[in-house]
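Trainee: Give me coordinates for this.
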Amino acid sequence: MKLFSNSKLSAIVFLVASSFTNVALGQGNSLVSVQSQESFFNSIKGLCGKAFAGKIAVDNAPSDAFNNKVLKMHVRQCSDTQLLVPFHVGNDASRTWVITKTASGLTLKHDHRHKDGSEDVLTQYGGHTVEAGWPQVQSFPADAFTKQLFVDQGIPQSIGNTWQIFIYPDKFSYRLIRQGREFRVDFDLTKPIAPPPAPWGYQD
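Mentor: Below is the predicted model of the structure:
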């Protein structure tokens, strides 16, 4: 008994294939739907276009890379699925934090570039959420790609990294922790500043 015409069968096959493609690409309803993560993402997205000055709050291994440098963050580019947040350290515009919705949570990646826009050897490292977190706080323990990258680059002590981002009405914080290491920079959200130029590798 013939249940479907060839045209109807083709249409069904197309719809099924499309649904699997959407899941694979993180489209449709397959993206994160945990309310705490949605609220966290939207709170940062609400700052889109604004920039803020920051200061080192905790650093138990100070270095010249950050000492006495003007620190700025800029929620520069926003979509419904991704946020690009450059982190300027003095004249160094090599760093951009990339927060992306996935089918099972959020990722935080560090996009590091040279002045000519080319990628640094240490780039795209970061992690993925493993729990719901809170609307104000999300944690990103190092993922498998990141751990392999750190080993390959001779810094295996960093494979235990967890990055955290805090978002409150008056403060945005970026924090790195691992055994024996803590770094945190706080940004004052009550005093927006003029947005800095585009980070390296991007255009205004």
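Trainee: Which helix or strand contains Phe40?
Mentor: Assessed by DSSP states H and E, Phe40 sits inside helix 35-45.
Trainee: Okay, buried residues for that helix please.
Mentor: Under the neighbour-count criterion of 16 or more other Cβ atoms under 10 Å, helix 35-45 has Ser36, Gln37, Phe40, Phe41, Ile44 buried. For every residue, glycine as well, the C-beta is placed using N, CA and C.
Trainee: can you pull the contacts of the fourth one?
Mentor: Translated: Phe41. With contacts defined as Cβ atoms under 8 Å, 6 or more residues apart in numbering, the neighbours of Phe41 are Val32, Leu83, Ile99, Lys101, Leu106.
Trainee: Out of the residues you listed, the closest to Asn60 would be?
Mentor: Ile99 (25.5 Å; Cβ to Cβ).
Trainee: and the nearest residue to the closest one once chain neighbours are set aside, bridged to which residues?
Mentor: Among residues not flanking Ile99 along the chain, Leu83 sits closest, at 4.4 Å (Cβ to Cβ, 6 or more residues apart in numbering). Applying DSSP bridges to Leu83 gives these bridge partners: Cys78, Ile99.
Trainee: With Pro169 as the reference, measure out to Leu83.
Mentor: From Leu83 over to Pro169 the distance is 18 Å, taken as Cβ to Cβ, to the nearest Å.
Trainee: Also Gly46?
Mentor: Using Cβ to Cβ, we find Gly46 at a distance of 10 Å from Pro169.
Trainee: what's stretch 116-127 in contact with?
Mentor: Contacts of stretch 116-127 (Cβ under 8 Å, 6+ apart): 94, 98, 107-114, 140-143, 145-146, 149-150, 153, 161-163, 200-202.
Trainee: just for this protein, where's the confidence low?
Mentor: Where the chain drops to pLDDT under 70, the residues are 1-30.
Trainee: how about the strands of it, start to end?
Mentor: 51-59, 71-74, 77-78, 82-89, 92-102, 105-112, 125-128, 137-141, 162-167, 171-178, 181-193 (DSSP state E).
Trainee: Make JSON lines from those strands and add mean neighbour count to it.
Mentor: Conversion of those to JSON lines gives the following (neighbours: other Cβ atoms under 10 Å):
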{"stretch": "strand 51-59", "mean neighbour count": "16"}
{"stretch": "strand 71-74", "mean neighbour count": "22"}
{"stretch": "strand 77-78", "mean neighbour count": "18"}
{"stretch": "strand 82-89", "mean neighbour count": "21"}
{"stretch": "strand 92-102", "mean neighbour count": "19"}
{"stretch": "strand 105-112", "mean neighbour count": "20"}
{"stretch": "strand 125-128", "mean neighbour count": "21"}
{"stretch": "strand 137-141", "mean neighbour count": "20"}
{"stretch": "strand 162-167", "mean neighbour count": "19"}
{"stretch": "strand 171-178", "mean neighbour count": "18"}
{"stretch": "strand 181-193", "mean neighbour count": "16"}
